[in-house]
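*Asks:* Quick one, what's the 3D model for this:
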Amino acid sequence: MNSFASSLPTEVLCNIFFLSFPHTGHLTPEPQSSPMLLTRICRRWREISEDIPSLWCKLSIRLDETNIQQSAFCYDSWLKRTQGHCLSLKIICFKYSCSSLRSLLQPYTDQISSLDITFGNFIE
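*Replies:* Presented below is the predicted three-dimensional model:
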């Protein structure tokens, strides 16, 4: 990447990342949205953004019956980037996924400072 952006100091890029970051609500791991989008620009941006724990501390988790393993892996990768910082989580948990949720959150329970859980579709 030979551009003006590649010559910017890390501190300046961090400030740019914060300005591009939606500071309201919880984030979902969408590839086209910050902070995930920042990891897709180039290797340097990925390394910098993954090393800023505050970008990863607000997460919306939706676990349902489909692709529980893949979703759990994705959320766990996100949560590891918090590097021990406080977490604010909004969780929607569906039938059959509560045990997966427990396994996913177990390593991070000491970090959780805010938790909003909604249970859905338990009617058979």
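
*Asks:* Tell me the gap between the longest helix along the chain and the middle of its chain.
*Replies:* Assignment by DSSP state H gives helix 68-80 as the longest helix of the chain. Its chain's C-alpha centre and that of helix 68-80 lie 9 Å apart, by C-alpha atoms, centre = their mean, to the nearest Å.

*Asks:* What count of nearby residues applies to Cys93?
*Replies:* For Cys93, the neighbour count with other C-beta atoms under 10 Å is 20. Where C-beta positions appear, they are placed from N, C-alpha and C, glycine not excepted.

*Asks:* Let me know the distance separating it from Asp110.
*Replies:* For Cys93, the distance to Asp110 equals 20 Å [C-beta to C-beta, to the nearest Å].

*Asks:* Same check on Arg43?
*Replies:* The spacing between Arg43 and Asp110, counted by C-beta to C-beta, is 32 Å.

*Asks:* May I have the phi/psi pair for Leu63?
*Replies:* Backbone geometry at Leu63, expressed as degrees, to the nearest 10, gives phi -110, psi 120.

*Asks:* per-residue confidence at the nearest residue to it once chain neighbours are set aside?
*Replies:* Here the nearest residue to Leu63 in space, its sequence neighbours aside, is Ser97; by C-beta to C-beta, 6 or more residues apart in numbering that works out to 3.9 Å. Note on Ser97: pLDDT of 71.

*Asks:* From Leu8, how far off is Ser97?
*Replies:* Counting by C-beta to C-beta - Ser97 and Leu8 are separated by 42 Å.
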